[in-house]
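Chemist: What would the 3D arrangement of this be:
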Amino acid sequence: MEKIEKKYFKISEVVQEIRIRTGLTVQQPVLRSWEEELDFWPKRNTYLRLYTTKNIADLAVIAQLRNYGFGLKALRIVLNHNDAIDDIISLLNELRK
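Modeler: Residues are numbered from 1 along each chain as shown. Modelled structure (predicted):
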């Protein structure tokens, strides 16, 4: 029997997943503020925000970059260059060692 992967996640699940992936705690109001500040809009179901696995991956990167001191303007630039995000995170991790 095949395992069916979940397509959408509630904001509380996103907070938990970011903590697992990055070790960082991001509060729900912060995620909501990023939606507006970074023009990052998850799907909505009446009153729930529904995040995809891609949304979670992007938010984990945002959390890491904010932790490294990136401001909103820098985050917008980085997010517009998705192909470079992994390289940026690796470089920052090396610099922190």
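Chemist: so residue 28 touches residue 16, yeah?
Modeler: No. Residue 28 is beyond contact range of residue 16, at 11.0 Å (criterion: CB atoms under 8 Å). (Each C-beta comes from the backbone N, C-alpha and C, glycine too.)
Chemist: Now residue 27: phi and psi?
Modeler: Backbone torsions for residue 27, taken as degrees, to the nearest 10, come to phi -80, psi 150.
Chemist: For it, which non-adjacent residue is closest in space?
Modeler: What sits nearest to residue 27 in space, not counting adjacent residues and going by CB to CB, 6 or more residues apart in numbering, is residue 15, at 7.2 Å.
Chemist: so what secondary structure elements neighbour the helix or strand harbouring the one you found?
Modeler: Secondary structure from DSSP states H and E places residue 15 in helix 11-22. If contacts are counted by 3 or more CB pairs under 8 Å, 6 or more residues apart in numbering; DSSP states H and E, helix 11-22 sits against helix 28-37, helix 53-67.
Chemist: what does the model give the residue nearest to residue 27 for pLDDT?
Modeler: With respect to pLDDT, residue 15 scores 96.
Chemist: what sits against it?
Modeler: By CB atoms under 8 Å, 6 or more residues apart in numbering, the contact list for residue 15 reads 25-28, 31.
Chemist: thinking again about what came up before, how about the helix holding residue 15: buried residues?
Modeler: Judged by neighbour count (16 or more other CB atoms under 10 Å), helix 11-22 contains these buried residues: 11, 14-15, 17-18, 22.
Chemist: what do you get for stretch 18-36?
Modeler: 18, 22, 26, 30-31, 34.
Chemist: Cheers, nothing more for now.
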